[in-house]
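Asks: Pasted the sequence and its predicted model underneath.
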Amino acid sequence: MADIRLAVSDSVATITLDRPARLNAFTTAMGEELIDAFDTCDRDDGVRAIIVTGAGRAFCAGADLSAGGQTFVAPEDGNPESFRDGGGEVVLRMFESRKPIIAAVNGPAVGVGITMTLAADFRLAVEGARIGFVFNRRGIVPESCSSWFLPRLVSMQKALDWVYSGRLVDAAEAYEAGLFYGLYSPESLLDEAVALARRVTEHSAPVSVGLSRQMLWRGLGADHPMIAHRVESRGIRSRGASADAQEGVSSFLEKRAANFPDSVLRDTPDIFGVDLPVPPFRD
């Protein structure tokens, strides 16, 4: 990998955007490498959670603008419907993740630098970070599925303010709006992210966490609670007879730590069916 780094320590994978000389500006190669990294993490039962952060003083300064005015010109192949937003492809892969994702925003996050974090389960930031949904100021429109995610994470009025104006937003305002889970010093940010990753996973069954992640995120797009009822009923039926469920109950009754045996890679059932299909990750 040229534009990112992937490291795993004590069940937590850390993906680092690694173009510090360019403030980790997003490239096509970076997008492809991020997708590969999330695929790798989903295949590894030793990974319980994923942290995404940036090298150097920035998280991500947005798209690499080295092509100047041609930066956002799509390749001409005669079929306008074939074009895919690269940031959107990354975010859609994050949405499908079977492991919780924490964005540790260690500095400025602008454009795709902030929109890629919207598919994370938690966003932690340094106190001095500034973010910007700057697309309208560049003559384009929101991307990375942010028009879907942002109004689900903050109020519609706040989302419209940030998107229409394209202004830079202080971390404190983003925290007050609910976009950030917490604000921390630069020295403590990653430690706090690792502590959160462990807190939300260490006592829970990995398969259950992965399914719960999908159930909650996908439920945001459901048009009736009956869809959730169907998915939950399939989940309870499938997991209720699992080795994990037997271990979870036994360990509780025996007052000991649980040792869940099931594999996210091998034992995750399809509980979504035709209601909310889950596309597989890439081979």
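Replies: Looks like it came in fine.

Asks: any idea whether the closest residue to H203 other than its chain neighbours is helix, strand or coil?
Replies: Nearest non-adjacent residue to H203, counting by Cβ to Cβ, 6 or more residues apart in numbering: A258, 7.1 Å away. All C-beta spots, glycine's among them, are computed from the backbone N, C-alpha and C. Assigned by DSSP: H, G, I helix; E, B strand; the rest coil, the conformation of A258 is coil.

Asks: what does the model give A258 for pLDDT?
Replies: Here the pLDDT value assigned to A258 is 97.

Asks: okay, now it: neighbour count?
Replies: When neighbours are defined as other Cβ atoms under 10 Å, A258 has 16 of them.

Asks: next one: P261
Replies: P261 has 13 nearby residues by other Cβ under 10 Å.

Asks: Touching, it and E247? I think so.
Replies: Yes: if you go by Cβ atoms under 8 Å, P261 and E247 touch, sitting 6.4 Å apart.

Asks: picking that back up, and the residue nearest to H203, what is it in contact with?
Replies: The contact partners of A258, taken as Cβ atoms under 8 Å, 6 or more residues apart in numbering, are H203, A205, E247, G248, S251, F252.

Asks: what's the neighbour count on F122?
Replies: Counted with other Cβ under 10 Å, residues neighbouring F122 total 19.

Asks: wait, I meant A222
Replies: By other Cβ under 10 Å, neighbour count at A222 equals 15.

Asks: correct me, but it touches E232?
Replies: No: between A222 and E232 there is no contact, the gap being 11.4 Å when judged by Cβ under 8 Å.

Asks: sorry, back to before: gap between the residue nearest to H203 and S238?
Replies: Going from A258 to S238 by Cβ to Cβ, to the nearest Å gives 19 Å.

Asks: repeat for I15
Replies: From I15 to S238 the distance is 30 Å (Cβ to Cβ).

Asks: More neighbours: which of these two?
Replies: Comparing I15 with S238 by other Cβ under 10 Å, the one with more neighbours is I15, at 23 against 17.

Asks: Helix, strand, or coil at that one?
Replies: I15 ends up strand, using three-state DSSP.

Asks: count of residues packed around the closest residue to G46 other than its chain neighbours?
Replies: Of all residues not flanking G46 in the chain, S11 sits nearest, at 6.3 Å (Cβ to Cβ, 6+ apart). Close neighbours of S11, defined as other Cβ under 10 Å, add up to 18.

Asks: Next: G248.
Replies: 18.

Asks: surely it meets A205?
Replies: Yes: using Cβ under 8 Å as the test, G248 is close enough to A205 to be in contact (6.3 Å).
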